[in-house]
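1. 3D model of this:
(chains A and B)
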Number of protein chains: 2
Amino acid sequence: MVTKNEIKFIKSLTSKRVRNKLKLFVVEGEKSINEFLKSDYKVYKIYSINPTTFNIPEKVVEISDKQLSQISSFKSPNKHLAVFKQVEVTLKNKNIYFILDNVNDPGNLGTIIRTIDWFGYNQLICSKNSVDCYNSKVIQSTMGSLARVDVHYTDIIKFLKKSQLPIYGTSSKGTSIYKFSGNKKIGIWIFGSEAHGISNDILKFVNERYTIPKFDTKTMTESLNLSTSFSIVASFLRFY
Amino acid sequence: MVTKNEIKFIKSLTSKRVRNKLKLFVVEGEKSINEFLKSDYKVYKIYSINPTTFNIPEKVVEISDKQLSQISSFKSPNKHLAVFKQVEVTLKNKNIYFILDNVNDPGNLGTIIRTIDWFGYNQLICSKNSVDCYNSKVIQSTMGSLARVDVHYTDIIKFLKKSQLPIYGTSSKGTSIYKFSGNKKIGIWIFGSEAHGISNDILKFVNERYTIPKFDTKTMTESLNLSTSFSIVASFLRFY
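-> Sure, this is the predicted structure:
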C-alpha cells in the first residue's frame, strides 16, 4: 500500500528543485519504464495497478487507480509510474557535440532527445537555463529515448572556450546547410532558443553560421520549429 | 463591450462540431492574427485589450483582461483573440501531395503545417479522422502558417483511386529514403498515425515504402516523432 506521505513525496518530484536535490525523477507508462529498467538507470520504486507486470517484486508497490491519478502528470494516467535515480552523465563521443542554448519547450527537448537516439548520437549538451530533461513532459515526448541519451547541462561559454573543434551555429541567416562542406563527423553544432535563437554572448564563438533555406523566399514564415530544424541538420550530418 | 452571449458563442468554438457548423475558428495572438488578416481568410471579429492595435475599427471589439481569460485557450492569454471565417480550400499543385492518415496529435499537425509552409508546398491532405486544423493547439503550433497552407480533409482511398501519380508510403520498414531515385517533384507521400502508421486499407495502394534509417541498428528506439519524419522527408524532396 502507498501511504499519504509517499503520495506527497512523489508529487514533490514535479518540482525541478526537489528532483535535483533528491537526484530522482518520475517515468510513466510500461514501455518507458521498461526502457529505463534496461538502461544504466537504477529504479527506486515502481507504483503499479498490476504489480506482476514487472519482474522485480521487491521494487514494485501496488497502487489504486485513484492514488495513481493523484500522482500522475497525465490526464489519462497509465497503469504504472516509476521513480528512478538520476545518473551522472559522461560525454563519450569527443568528436561531435550538439548544444541547445536556452531551449524552453519540453516537447521540443523531448523530441530532440528522441531524434538524437534514432541517429545514434547518444549525447546532448544543454545550457543551464534550458528546460530540465527530467521534466515529465520531456520524458513523455522522448518515448523512452532519454534512457539511452546522455543529457549534460553545463556552462556553454566555458565549454566552447576549452574546445578545439570547429563551432557551427544554426540561425535564420547563414549559408545553406546543404552547402556545408566541412567534416560532418567533427564539430560542435549549436541551436538557439525557440524565440530568440542563439544568444549574443555565445554567437561570438561561432565560426560559421548555417540555415535551412526556405524554398520560396516570398513565404512570410519566419522560422521552423526548433526540433524540426534539429532533425533536418542531424539527418543531413548523418546520411549525406 | 462584449456580451455574455458573445462570450458563450466564442467558447462554443472550442468544439469541432460547432466550428464546422458555423464555418468559423479562433486565432490568438497579434502575430498570428496579422498573418490571417494578410491572407485569403476573412475576419469575423477581433476581441482586443488594445483595440487600436488593428487598423480595422469596424471589426474590433474591446475586451477586458478577465473576459479574455474566459475565452482564451492559452494559460497566459495573449492580448487579442480573433474569430475568422473558414475557407473552402482548393489544391493548386497537382503534382505533389502530402497525405496524413489519421494524425491525432495537434502539435504534430501544427508543426507539419509550419514545415509545409517553410518548404513552399502550400497544401496538405488529411484523412477525415485526423485532428481538425482549426483546433486551437494546431493553430498555435503553426505559428501563423495555417494562413498560407491549404489543408484539405478527404476520403484518402477515393483520392488515391482517382490519382495517376506514384504513391509512396513512409513506414518503419522500407527502402532508405536517401536511396529514393524517383522524381522528387511528382508523387503522393503518405504518412501514418503516430501510434499505428499507415492503415492497412490505405497501405494496399502504396507502390513503394520508404523509411528514415536508424544510424545504429542496435538502438532500441522504435520510431521518430511524426513531425520529425515529415520534416526530414520534405527537406530531402526539396533540396537534394
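
2. drop to CA atoms for contacts and neighbour counts, all remaining ones
-> OK.

3. who touches stretch A:175-183?
-> A:209-213, A:233, A:236, B:239 (CA atoms under 8 Å, 6 or more residues apart in numbering or on different chains).

4. swap in stretch A:14-25?
-> A:12-13, A:83-87, A:132, A:134-136.

5. again with stretch A:201-208
-> The contact list for stretch A:201-208 (CA under 8 Å, 6+ apart) reads A:156-157, A:160, A:166-169, A:174.

6. Stretch A:64-76 too?
-> If you take CA under 8 Å, 6+ apart as the criterion, stretch A:64-76 is touched by A:7, A:10-11, A:28, A:47-49, A:77, A:79-81, A:136.

7. and the contacts of stretch A:175-183, which of them are in strands?
-> Counting by DSSP state E, the contacts of stretch A:175-183 place A:209-211 in strands.

8. now, which of those lie close to chain B?
-> With CA under 8 Å from any CA of the partner chain as the criterion, the ones in strands among the contacts of stretch A:175-183 include none near chain B.

9. ok, these vs chain B, which is closest?
-> Closest approach to chain B among the ones in strands among the contacts of stretch A:175-183 (CA to the nearest CA): residue A:211, at 12.3 Å.

10. you'd agree the closest one is up against residue A:171?
-> Yes: Residue A:211 sits in contact with residue A:171 when judged by CA atoms under 8 Å, with a separation of 5.3 Å.

11. picking that back up, columns distance to residue A:192, pLDDT and neighbour count on top of the ones in strands among the contacts of stretch A:175-183, output as TSV?
-> Below are these laid out as TSV (distance: CA to CA, whole Å; pLDDT from 0 to 100; neighbours: other CA atoms under 10 Å in any protein chain shown):
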residue	distance to residue A:192	pLDDT	neighbour count
A:209	12	97	20
A:210	12	97	20
A:211	12	95	18
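
12. nearest to residue B:58, of those?
-> Here the nearest of the ones in strands among the contacts of stretch A:175-183 to residue B:58, counting by CA to CA, is residue A:211; it sits at 41.4 Å.

13. tally of neighbours for residue A:75?
-> By other CA atoms under 10 Å in any protein chain shown, 7 other residues sit near residue A:75.

14. State whether it is indeed within a strand.
-> No: according to DSSP: H, G, I helix; E, B strand; the rest coil, residue A:75 belongs to no strand; its state is coil.

15. that older thread, ok, so of the ones in strands among the contacts of stretch A:175-183, who is nearest residue B:39?
-> Relative to residue B:39, the closest of those is residue A:211; by CA to CA it sits at 26.4 Å.

16. The closest one and residue B:44: what is the separation?
-> As judged by CA to CA, to the nearest Å, residue A:211 and residue B:44 stand 37 Å apart.

17. now swap in residue A:99 and tell me
-> Distance of residue A:99 to residue B:44, given as CA to CA: 44 Å.

18. do the same with residue A:97
-> Residue A:97 sits 49 Å away from residue B:44, going by CA to CA.

19. More neighbours: which of those two?
-> Applying other CA under 10 Å to residue A:97 and residue B:44 shows that residue A:97 carries more neighbours, namely 21 against 15.

20. does the more buried one really touch residue A:187, like I thought?
-> Yes: at 6.5 Å, residue A:97 and residue A:187 qualify as touching, with contact defined as CA under 8 Å.

21. got a list of what the closest residue to residue A:87 other than its chain neighbours touches?
-> Among residues not flanking residue A:87 along the chain, residue A:41 sits closest, at 6.5 Å (CA to CA, 6 or more residues apart in numbering or on different chains). By CA under 8 Å, 6+ apart, the contact list for residue A:41 reads A:84-87, A:147.

22. Scan those residues and report the most crowded one.
-> Top of those by neighbour number is residue A:147, holding 22 neighbours under the definition other CA under 10 Å.

23. where are the low-confidence patches of chain A?
-> A:217-220 (pLDDT under 70).

24. can you give me the strands in it?
-> Remark: strands assigned in chain A by DSSP E are A:24-28, A:43-48, A:60-62, A:80-85, A:96-100, A:123-127, A:150-154, A:167-176, A:187-191, A:208-211.

25. Tell me how far the first one lies from the chain's centre.
-> Between the centre of strand A:24-28 and the centre of its host chain there is 14 Å, according to CA atoms, centre = their mean, to the nearest Å.

26. now that strand and strand A:80-85, what's the angle there?
-> Strand A:24-28 and strand A:80-85 are oriented at 160 degrees to each other (axes from the mean of the first three to the mean of the last three CA atoms, to 10 degrees).

27. Could you please name the strands strand A:24-28 pairs with and the direction of each pair?
-> strand A:80-85 (antiparallel) (DSSP bridges).

28. hey, C-alpha coordinates of the strand it pairs with in CSV?
-> This file holds the C-alpha atoms of strand A:80-85, laid out as CSV (Å, rounded to 0.1, in the frame of the first residue of the first chain):
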residue,chain,number,x,y,z
HIS,A,80,2.3,2.3,-13.9
LEU,A,81,4.5,5.1,-12.6
ALA,A,82,8.1,4.6,-11.5
VAL,A,83,10.7,6.7,-9.7
PHE,A,84,14.3,6.4,-10.9
LYS,A,85,17.6,7.7,-9.7
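
29. Before I go, just wanted to say thanks for your time.
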